[in-house]
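Asker: Generate coordinates for the sequence data below:
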Amino acid sequence: MTLRTALFYLLLGLSTVIWCLLSLLIAPWLPQKARYIFIARTWCRFAVWLSRVMLGIDYRLEGLENIPQQPCVILAKHQSAWETFFLTAHFAPLTQVLKQELLRIPFYGWAFKLLKPIGIDRSNPKQALKQVAHLGLERLQQGNWLLIFPEGTRIPAGEMGKFSRSGASVAVAAGVPVLPVAHNAGELWPRDGWQRHPGTVSVVFGPAMHAEGEGPRAVAELNQRAETWITETMQKINGTAPANKAD
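Answerer: Numbering: from 1, shown residues only. Below you'll find the predicted structure:
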């Protein structure tokens with residue numbers, strides 16, 4: 001399996017360079033949605049396909065009927081790179097909140113900038129929150145889905161991280177629901193190390209949740225509902241209670 005994992009990353013790396021170079025040449029001339037499909041959806045679908053073929057990582061979906069017709073804020077559990085590939089391919093066009101360092105990666109970062117992601121400085125939380133609030137609302141109004149990992153970073157399988165209220169706050173300001181997403185990708189694609197394990201990722205889309213009112217209390221309550229749903233669903237997926245929240 002180690003050889004197959006090494007070959008997977010070799011092919012993924014080569015595809016990244018080739019596709020990003022093509023994107024830098026072609027995508028600037030495309031409308032925003034077509035640009036997203038060309039740059040992100042196509043390559044991420046390839047990454048998901050490659051992980052299935054080379055690593056034996058398949059997936060099954062539950063709750064597709066819960067996905068709203070109109071773009072909203074997606075609050076997803078974060079354990080690995082796999083769910084980033086999958087969610088980026090599944091929703092279009094999508095704006096992602098990510099650490100700004102990723103936009104400095106040669107080829108990948110250059111191409112990804114064309115999609116207008118929200119790159120934040122995690123060392124400056126107050127500024128990051130303002131940035132997400134302003135640009136997140138703007139992207140939603142432009143017709144984009146907004147993907148936020150409320151734990152802020154990848155959390156090992158079986159653990160839960162602290163949930164930021166930034167996604168719920170943007171949803172309340174925009175008057176759109178949040179869509180909670182739970183999965184167990186971290187069991188097959190661990191956060192640490194290079195080893196990957198064959199199996200099937202369970203991806204569960206929860207019910208779209210609307211705020212009950214406005215203001216900070218509505219934001220806190222909405223965020224808590226999403227966090228509770230994800231926590232309880234993770235427990236069902238794993239068959240065990242999640243560990244205490246990571247610091």
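Asker: Which parts of this structure are strands?
Answerer: Using DSSP state E, the strands of the chain run over residues 57-62, 73-76, 94-99, 118-120, 145-148, 160-161, 178-183, 199-205, 245-246.
Asker: for those, which one sits closest to I37?
Answerer: Each of the strands of the chain has some distance to I37 by CB to CB; the shortest is strand 94-99, at 10.5 Å. All C-beta atoms are positioned from the backbone trio N, CA, C, and that covers glycine.
Asker: Nearest residue to the middle of this protein?
Answerer: T84 (4.4 Å; CA atoms, centre = their mean).
Asker: what residue ranges in the chain score low on pLDDT?
Answerer: Counting by pLDDT under 70, the chain shows low-confidence ranges at 1, 240-247.
Asker: residue boundaries of the helices in it?
Answerer: Secondary structure of the chain by DSSP state H: the helices cover 2-26, 32-36, 42-55, 82-90, 108-113, 125-141, 166-174, 185-188, 215-238.
Asker: Adding distance to P71, write these out as CSV.
Answerer: What follows is the helices of the chain, written out as CSV (distance: least, CB to CB, whole Å):
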stretch, distance to P71
helix 2-26, 22
helix 32-36, 11
helix 42-55, 18
helix 82-90, 13
helix 108-113, 19
helix 125-141, 6
helix 166-174, 9
helix 185-188, 23
helix 215-238, 17
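Asker: Just say which of these is most tucked in.
Answerer: helix 166-174 (a mean of 25; mean count of other CB atoms under 10 Å).
Asker: what angle separates that helix from helix 125-141?
Answerer: 50 degrees (axes from the mean of the first three to the mean of the last three CA atoms, to 10 degrees).
Asker: Distance of A226 relative to I67?
Answerer: According to CB to CB, to the nearest Å, A226 and I67 sit 15 Å apart.
Asker: Compare the strands of the chain and report which one is nearest to Q32.
Answerer: Taking the strands of the chain one by one with CB to CB, strand 94-99 is closest: 10.4 Å.
Asker: partner residues bridging F205?
Answerer: Per DSSP bridges, residues listed as beta-bridge partners of F205: V181.
Asker: tally of neighbours for it?
Answerer: F205 has 21 neighbours, counted by other CB atoms under 10 Å.
Asker: ok, now the one 4 residues further on?
Answerer: When counting by other CB under 10 Å, one arrives at 22 neighbours for M209.
Asker: mind listing what it touches?
Answerer: Each residue near M209 by CB atoms under 8 Å, 6 or more residues apart in numbering is listed here: 177-180, 222, 225-226, 229.
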